[in-house]
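> 3D model of this:
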Amino acid sequence: MKYLKLSAAVTLLLLTSCKNGNGKFDATGTFEADEVIVSSELAGKIVSFSVEEGQTIPKDSIVAVVDAANISLQKEQVEANIQALNEKTADVAPQVRLLENQLAVQQSQLDNLLHEQTRIQNLLKQDAATGKQLDDITAQADVARKNIAVTQQQINVQRSNVATQNRGILSEGKPLEKRIAQLDDQLKRAAVLNPANGTVLAKYAEQGEITASGKALYKIADLSIMTLRAYITGTQLSQVKLGQAVKVLVDDGADKYKELPGTITWVADKAEFTPKTIQTKDERANLVYAIKVKVKNDGYLKIGMYGEVKFN
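All right, here's what the predicted structure looks like:
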């Protein structure tokens, strides 16, 4: 009679366990999230830092500002150097204007000589002038033409020399302009942008502290979608595939389970020994495969919480 009572009690306990979900899962693991460590790209004093643990921050919002006064001063110095280069350039206009005035006088002289040459040619036809007079005036006109050519060449040389000199001076401005672009980029990086939508998990710095480039300021993770990292045996490997819909069970009180839909998004390509936290000591030598199941979080799931997977 006692044996029958004991068997009935064990049977009732097993039925209750199966009803609550115990013993019916195919894999078990813990929930995790894709965590992002946000750091400053500049070294300096944190002049603004509006982040608190547990706070939800949208993507691309400015969460911190690092003092960049030194970079601003460097930019002003480079801009002053560029302005100084412009002041070093030569103005060719006065020198060219002087030569052009000289050229105008020479052209006027040539016009007078050509007019006189035409008059002598007409007189020569009437035997009122000599051939020597025509030769002299022609020679003077040729000299005037050569003088005009020389002056014109001087103008061209003067313009070319000044242009070459100015190009040499202004060419130094190109590297300075690139330097300004670099400083502008650094000034933009003084503002720390939140890289992703998520909840602040940990805060590592405070406003007023001195930070270094690459030093962590806070840790953030998107908790709206959680990842259950579970483990399956080699015999179960053929039962799963990427994109497969599964049921995820999490504790809901002492004797109840909360069921959530999940999707398998990753399956390990090689086996590993069973983690201590997943299986008993006697089963640690078994080889298992890790899988990741994405689960939409309604606020109930937490990082580190245990979950169980049931394949549909």
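> quick one, domains of this structure?
Domain assignment of the chain by automatic domain parsing yields the ranges 24-34+222-311, 37-68+188-221, 75-181.
> In JSON lines: the ones you listed, plus mean neighbour count and mean pLDDT.
To be clear about C-beta, it is placed using only N, CA and C from the backbone, and glycine gets the same treatment. Output for the domains of the chain, formatted as JSON lines (neighbours: other C-beta atoms under 10 Å; pLDDT from 0 to 100):
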{"stretch": "domain 24-34+222-311", "mean neighbour count": "16", "mean pLDDT": "85"}
{"stretch": "domain 37-68+188-221", "mean neighbour count": "16", "mean pLDDT": "94"}
{"stretch": "domain 75-181", "mean neighbour count": "14", "mean pLDDT": "87"}
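> quick one: secondary structure of the residue of the chain most remote from its centre?
What lies farthest from the middle of the chain is D127; by C-alpha atoms, centre = their mean that is 91.4 Å. Of the three states, D127 takes coil under DSSP: H, G, I helix; E, B strand; the rest coil.
> Other residues contacting the helix or strand containing A84?
In the assignment (DSSP states H and E), A84 maps to helix 69-88. The contact list for helix 69-88 (C-beta atoms under 8 Å, 6 or more residues apart in numbering) reads 42, 44, 169-170, 172-173, 176-177, 179-180, 183-184, 186-187, 190.
> rerun at 10 Å
With contacts defined as C-beta atoms under 10 Å, 6 or more residues apart in numbering, helix 69-88 is touched by 42-45, 47, 68, 165-166, 168-187, 189-190.
> Please apply the same query to stretch 136-150.
Under C-beta under 10 Å, 6+ apart, the answer for stretch 136-150 is 102-121, 129-130.
> repeat that for 8 Å
So stretch 136-150 is in contact with L103, Q106, Q107, Q109, L110, L113, L114, E116, Q117, I120, going by C-beta under 8 Å, 6+ apart.
> Quick one: mark the members of those residues that sit in helices.
Among the contacts of stretch 136-150, the members found in helices (DSSP state H) are L103, Q106, Q107, Q109, L110, L113, L114, E116, Q117, I120.
> Make JSON lines from the contacts of stretch 136-150 and add distance to K203 to it.
Listed next are the contacts of stretch 136-150 as JSON lines, based on distance: C-beta to C-beta, whole Å:
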{"residue": "L103", "distance to K203": "78"}
{"residue": "Q106", "distance to K203": "83"}
{"residue": "Q107", "distance to K203": "83"}
{"residue": "Q109", "distance to K203": "88"}
{"residue": "L110", "distance to K203": "88"}
{"residue": "L113", "distance to K203": "93"}
{"residue": "L114", "distance to K203": "92"}
{"residue": "E116", "distance to K203": "98"}
{"residue": "Q117", "distance to K203": "97"}
{"residue": "I120", "distance to K203": "103"}
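> okay, stretch 291-299 in PDB with CA atoms only?
C-alpha atoms of stretch 291-299 as PDB (Å, rounded to 0.1, in the frame of the first residue of the first chain):
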ATOM      1  CA  ILE A 291      23.400  28.500 -31.200                       C
ATOM      2  CA  LYS A 292      22.000  32.000 -30.900                       C
ATOM      3  CA  VAL A 293      18.300  32.700 -30.700                       C
ATOM      4  CA  LYS A 294      17.000  36.200 -31.200                       C
ATOM      5  CA  VAL A 295      14.000  37.000 -29.000                       C
ATOM      6  CA  LYS A 296      12.000  40.200 -28.900                       C
ATOM      7  CA  ASN A 297      12.100  41.600 -25.400                       C
ATOM      8  CA  ASP A 298       8.900  43.000 -23.800                       C
ATOM      9  CA  GLY A 299      11.000  44.300 -20.900                       C
END
